[in-house]
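In: Turn this into a structure:
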Amino acid sequence: MTKPRLTIKSVLADRRVLLMLVFGFSSGLPFLLVFSTLSAWLRLAGVSRTEIGLLSYVALAYTFKFAWAPIVDAFDVPGLSRLLGRRRAWMVLAQLTVAAGLVGIALSDPAVSVTMTAAFALLVAFASATQDVVVDGWRIDAAPTERQGMMAAAYQLGYRLSLIAAGAGALYIADLAGWREAYLAMAALVAVGLVGTLVAPIVDRREGVEAPKGFTFAHAVVDPLRDLLDRKGWRIVLILLLVAFYRLPDFVAGVMANPLYVDMKFSMIEIANVSKLYGVWIGIAGAFAGGFALARFGLLPSLVFGALSSAGSNLMFAWLALRGYDLTLLTVSISIDNFAGGFAGTALIAYMSGLTGPGFAATQYALLSSLYALPGKIVGGLSGVMVDSFGYPTFFVLTSLVGIPVAILCLIVGREGARPEEPAAEPAGARA
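Out: Numbers count the residues shown, from 1 in each chain. Here you go, the predicted model:
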């Protein structure tokens, strides 16, 4: 029997897409509250710049979240998992911990004990990073590859909305009522994610995966890696190369984007308006376009288009570097680059999601998502040397050429990320 083709209408009507909007909001809410928003409070409280800078190390919780992702995959939350299912139980635990941590920050006084404030900030960051792991696992278990793109786009939109709430919203409340009230209000907003979790279906995919009898390194770490190798065989080498280099042109070029704007004599206001405001929403539009493409045309065409368009968009910056100050060309360049980047990001998320296996989704996705950003961070550090050696035009042309071998890799192993089957989902509610 031929499977009916997915349509945009059917994807948009899928309540899992709406749930990802909620989960995106829930995941993004704590981020600024332990970084820039908290930094503003600390500075106003008289905390030194050195201490504020050291506090940024709480971000390491997000960087190393793959280290405890196996626990999320392998173990139940006592009591809660039986009632809610493994994924939802971990979400509830993470969200309640985030709320408790935000209340702790609200009740602390950084002017008296910045250590106490920092401790609660670390608790929030750890719980928030754990929530990210669980949400990724739920998303992958909840839907096939064709729907992953739209779900990822909805997540990004929710995340952006939460950054507005935790950024501008928290600052407004702090100015009108005080910092304690601002953080208590943010803690109350955690309820948005809690409601979403409680109405979400149970989709714990562990078919054929033996439940652990206790924590062991082999089960938690080695088994997910062995599962990936067993399923993909020698192709895993090409798959990892594709994941590692897919966004490389974007990441490397992005390091030199702002220096280019400054050197082309654009004002800070022009850069902020075009790149930081307008460009963000164009990126979101690109992410949704990627979701539409995945639903309509499938993974492989979307993956190839994303690779070529995101790398090729760097040619616009080469043109801008040759042209010099031109606000219209800057707007067009950022439009193309952000749209293509959003499209490519959605395609890659869908691809990595499809690579994961039942029972290991959170662990394997956390490892893959860590890998995809690593080469860009390493090579990005040399981007300034390249610009100084070759100039902006040659630099951006060279970064665009990376898209050619990446597109070839897509054609070879792009279908490895396709997982068309719909997983069975239990209705929301108690588990027998």
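
In: Do a quick rundown of the strands in the stretch 151-300 of the chain.
Out: With DSSP state E, counting those that start in this stretch, there are no strands along the stretch 151-300 of the chain.

In: for it, which spans come out with low pLDDT?
Out: Scanning the stretch 151-300 of the chain for pLDDT under 70 picks out 205-221.

In: Likewise for the stretch 301-432 of the chain?
Out: 419-432.

In: Pull out the buried positions in the helix or strand hosting L320.
Out: Assigned by DSSP states H and E, L320 belongs to helix 314-323. For helix 314-323, the neighbour count (16 or more other C-beta atoms under 10 Å) marks 314-321 as buried. Where C-beta positions appear, they are placed from N, C-alpha and C, glycine not excepted.

In: just those residues now: which is nearest S400?
Out: Among those, N314 lies closest to S400 (C-beta to C-beta), at 4.1 Å.

In: out of everything not next to it in sequence, what's closest to that closest one?
Out: Leaving aside its sequence neighbours, N314 sits nearest to S400 (C-beta to C-beta, 6 or more residues apart in numbering; 4.1 Å).

In: Kindly confirm my reading that D132 is in a helix.
Out: Yes - D132 forms part of a helix when assessed by DSSP: H, G, I helix; E, B strand; the rest coil.

In: just checking, it touches T63?
Out: No - D132 lies out of contact with T63 (C-beta atoms under 8 Å); the separation is 11.5 Å.

In: higher neighbour count, these two?
Out: Between D132 and T63, D132 has the larger neighbour count (other C-beta atoms under 10 Å), namely 24 against 12.

In: show me the contacts for the more buried one.
Out: Applying C-beta atoms under 8 Å, 6 or more residues apart in numbering to D132 gives the contacts 27, 62, 65.

In: let's go with 10 Å and repeat that
Out: The contact partners of D132, by C-beta atoms under 10 Å, 6 or more residues apart in numbering, come to 23, 26-28, 30-31, 61-62, 65, 69, 94, 362, 366, 369.

In: For A311, see how far away R247 is.
Out: Distance, R247 to A311, by C-beta to C-beta, to the nearest Å: 9 Å.

In: Would you mind telling me which of these two has the busier surroundings?
Out: When neighbours are counted by other C-beta under 10 Å, R247 and A311 differ, and A311 comes out ahead with 27 against 24.

In: For that one, what is the enclosing helix or strand?
Out: helix 299-312.

In: Average pLDDT for stretch 99-109, rounded please.
Out: Across stretch 99-109, pLDDT averages out at 96.

In: Buried residues, it. List them.
Out: For stretch 99-109, a neighbour-count test (16+ other C-beta under 10 Å) marks 99-106, 108 as buried.

In: Serialize those residues to CSV and add fields for distance to N338.
Out: Formatted as CSV, the buried residues of stretch 99-109 follow (distance: C-beta to C-beta, whole Å):
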residue, distance to N338
A99, 33
A100, 37
G101, 33
L102, 31
V103, 37
G104, 37
I105, 33
A106, 35
S108, 38
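
In: among the residues you listed, which are in helices?
Out: Taking DSSP state H, the ones among these that sit in helices are 99-106.

In: Name the nearest of these relative to E146.
Out: Closest to E146, out of all of those and judged by C-beta to C-beta, is A99, at 34.6 Å.

In: what sits against the residue nearest to A100 when sequence neighbours are not counted?
Out: Spatial nearest neighbour of A100, chain neighbours left out: L123 (7.5 Å); criterion: C-beta to C-beta, 6+ apart. By C-beta under 10 Å, 6+ apart, the contact list for L123 reads 34, 58, 61, 97-98, 100-102, 104-105.

In: again, only using 8 Å
Out: Here L123 is in contact with 97, 100-101, 104 (criterion: C-beta under 8 Å, 6+ apart).

In: could you give the mean pLDDT of the strand or helix carrying it?
Out: Counting by DSSP H and E, the element that carries L123 is helix 114-142. Averaging pLDDT along helix 114-142 yields 93.

In: tally of neighbours for M268?
Out: With other C-beta under 10 Å as criterion, M268 counts 9.

In: Against F339, how distant is it?
Out: Applying C-beta to C-beta to M268 and F339 gives a distance of 24 Å.

In: contacts for stretch 170-181?
Out: By C-beta under 8 Å, 6+ apart, stretch 170-181 touches 32-33, 37, 40-41, 44, 106-107, 182-183, 185-186.

In: Let's see that with 6 Å instead.
Out: 37, 41, 106, 182, 185-186 (C-beta atoms under 6 Å, 6 or more residues apart in numbering).

In: Present these as CSV; the columns should include distance to A253.
Out: Output for the contacts of stretch 170-181, formatted as CSV (distance: C-beta to C-beta, whole Å):
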residue, distance to A253
T37, 29
W41, 35
A106, 40
A182, 37
A185, 39
M186, 35
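
In: What does A45 show for phi and psi?
Out: Reported as degrees, to the nearest 10, the phi and psi values for A45 are phi -80, psi 0.

In: if you go through the stretch 101-250 of the chain in chain order, where are the helices?
Out: Using DSSP state H, counting those that start in this stretch, the helices of the stretch 101-250 of the chain run over 114-142, 145-164, 170-176, 179-199, 217, 223-232, 235-245, 248-263.

In: tally of neighbours for the closest residue to F288 other than its chain neighbours?
Out: Counting by C-beta to C-beta, 6+ apart, F288 lies nearest to A153, which is 4.4 Å off, once chain neighbours are set aside. A153 has 29 neighbouring residues, counting by other C-beta under 10 Å.

In: quick one on the thing from earlier: check which residues of the helix holding L123 are buried.
Out: 114, 117-142.

In: Can you check what angle separates that helix from helix 145-164?
Out: 160 degrees (axes from the mean of the first three to the mean of the last three C-alpha atoms, to 10 degrees).

In: From the centroid of the protein, which residue is nearest?
Out: Q156 (7.4 Å; C-alpha atoms, centre = their mean).

In: show me what contacts the nearest residue to it once chain neighbours are set aside?
Out: Once flanking residues are discounted, Q156 sits nearest to A287: 5.1 Å by C-beta to C-beta, 6+ apart. Going by C-beta under 6 Å, 6+ apart, A287 touches 153, 156, 342, 346.

In: Turn these into TSV, columns for distance to K276.
Out: Compiled in TSV, the contacts of A287 are given as follows (distance: C-beta to C-beta, whole Å):
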residue	distance to K276
A153	20
Q156	16
G342	15
T346	21
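
In: can you tell me which of the residues you listed lies nearest to V243?
Out: Of the contacts of A287, the one sitting nearest to V243 (C-beta to C-beta) turns out to be T346, at 14.7 Å.

In: downstream neighbour of the helix or strand harbouring the closest one in the secondary structure list?
Out: Using DSSP H and E, T346 maps to helix 327-355. On the C-terminal side of helix 327-355, the nearest following helix or strand under DSSP H and E is helix 361-380.
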